[in-house]
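1. My questions concern the predicted model and sequence given below.
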Amino acid sequence: MDDLIQRAAKDLAAAKNVVALTGAGISVESGIPPFRGKGGVWEKIDPMEYAHIDAFLRDPAKVWNVLIKEMKGVVDRAEPNDAHRGLARLEEMGILKTIITQNVDGLHQAAGNTDVIEFHGNFAWQKCLDCGNRCETSQINTEQIPPRCHCGGIFRPEVIFFGELIPPQHLSRSQLVASQCDIMLVMGTSAVVQPAALMPVISKQSGAKVIEINPERTPLTGTISDYIIQGKGGEVTNQIIAKLEKLIQ
Ligand code: NAD
Ligand code: ZN
């Protein structure tokens, strides 16, 4: 693993335009469970029963009770971890330009990254299904489920449920930055949710190196990614940054 850390530090030091694609795994060390993989939410509940837009519209109270309420508690308390802070440091060093994140927890911005494309929306806000009125999730009273707007309409998180389209401006900008980077750093994503998982493929086809950081292999491993550093996001990032700081001194 030491060799791969050294290799990643060298690759990043030589790069001019790095883009990161991040997923739920990067927030695991902040106490937010991922969907898939060990300890994932899907071990307990069926995604199509709770995370599909049709399921939400059919029975908003059920989805609020089982998924959204719990997520609100976890996200309200979460703080950035070393993986988020490492990506913020990479931006500060002038190496990392843009993060495409599938996460909805806002932790990249909290860590200090300034160009974050939130592919699947942001959990920090809710929107009324009837009048479109917005309300911060932290201000939502969950004593009454589903929570309602003053107009009587039901609040939904401003995130993309399965069955919904990625906002076109987020998709097109992601495709653009993915095609222009010289390194695509893929961290903490199982790379199975489309079209997010296509971004590293676009980078590879455009001539970029693709580096994965994940404790487990993914469908990109050995096909799209040049190499995978198998470890936890925070720990691996700390080691890469330590080597990188020496290299660019
Ligand atoms: P995923 O849940 O499908 O996969 C998580 C991946 O993270 C796995 O490959 C796992 O091996 C890896 N992982 C686990 N621990 C890790 C660690 N410490 N460091 C690095 N990697 C680790 O996640 P996904 O690919 O992002 O797709 C799931 C969807 O769920 C996303 O679209 C996202 O919108 C949503 N989601 C978001 C959050 C969040 O905002 N934090 C949390 C759960 C799910
Ligand atoms: Zn309303």
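-> It's in. Ligands and ions are numbered 1, 2, ... in the order given.

2. Domains of this protein: list them as residue ranges, please.
-> Following automatic domain parsing, one gets these domains for the chain: 1-31+80-120+166-249, 33-77+123-159.

3. now the ones you listed in CSV, with mean pLDDT and mean neighbour count?
-> Quick note: C-beta positions are derived from backbone N, CA and C, even for glycine. Below are the domains of the chain laid out as CSV (pLDDT from 0 to 100; neighbours: other C-beta atoms under 10 Å):
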stretch, mean pLDDT, mean neighbour count
domain 1-31+80-120+166-249, 96, 20
domain 33-77+123-159, 90, 16
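
4. Relative to ligand 1, which of these is closest?
-> Each of these has some distance to ligand 1 by C-beta to the nearest ligand atom; the shortest is domain 1-31+80-120+166-249, at 2.1 Å.

5. any chance of the domains of the chain in TSV, with distance to ligand 1 too?
-> Below are the domains of the chain laid out as TSV (distance: least, C-beta to the nearest ligand atom, whole Å):
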stretch	distance to ligand 1
domain 1-31+80-120+166-249	2
domain 33-77+123-159	3
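
6. Please save the CA atoms from the longest strand belonging to the chain in PDB.
-> Across the chain, the strand with the greatest residue count (assigned by DSSP state E) is strand 121-128. The C-alpha coordinates for strand 121-128 follow below in PDB (Å, rounded to 0.1, in the frame of the first residue of the first chain):
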ATOM      1  CA  GLY A 121     -29.000  17.600  -4.300                       C
ATOM      2  CA  ASN A 122     -28.600  18.700  -0.700                       C
ATOM      3  CA  PHE A 123     -30.300  17.400   2.300                       C
ATOM      4  CA  ALA A 124     -30.000  20.800   4.100                       C
ATOM      5  CA  TRP A 125     -33.200  22.000   2.400                       C
ATOM      6  CA  GLN A 126     -36.800  20.900   2.200                       C
ATOM      7  CA  LYS A 127     -39.300  22.000  -0.400                       C
ATOM      8  CA  CYS A 128     -43.100  22.000  -0.100                       C
END
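
7. quick one: strands adjacent to it?
-> strand 134-136 (antiparallel), strand 155-159 (antiparallel) (DSSP bridges).

8. Which one, of those, ends up nearest to ligand 2?
-> The closest of those to ligand 2 is strand 155-159. By C-beta to the ion, the value is 8.2 Å.

9. can the closest one be found next to ligand 2?
-> No: on the criterion C-beta under 5 Å from the ion, strand 155-159 is out of touch with ligand 2, staying 8.2 Å away.

10. Just give me how far that strand sits from the chain centre.
-> Centroid separation for strand 155-159 versus its chain: 17 Å, with C-alpha atoms, centre = their mean, to the nearest Å.

11. Kindly report the same for stretch 128-144.
-> The mean C-alpha position of stretch 128-144 is separated from the chain mean by 23 Å, C-alpha atoms, centre = their mean.

12. Could you do stretch 141-156 as well?
-> Counting by C-alpha atoms, centre = their mean, stretch 141-156 comes out at 27 Å from the chain centroid.

13. Distance across that stretch, terminal residue to terminal residue?
-> For stretch 141-156, the first and last residues are 13 Å from each other (C-alpha to C-alpha, to the nearest Å).

14. what's Phe119 in contact with, if anything?
-> For Phe119, the contacting residues are 100-102, 160, 166, 170-171, 174, 196, by C-beta atoms under 8 Å, 6 or more residues apart in numbering.

15. Now, these that are in helices?
-> Residues from these lying in helices, with DSSP state H as the criterion: 170-171, 174.

16. and which of the residues you listed is nearest ligand 2?
-> Distances from ligand 2 to those, taken by C-beta to the ion, are shortest for His170, at 24.8 Å.

17. mind listing what that closest one touches?
-> His170 touches 117-119, counting by C-beta under 8 Å, 6+ apart.

18. Equivalent analysis for Gly86, please.
-> 234, 237-238, 240-241.

19. Having no further points to raise, I will conclude here.
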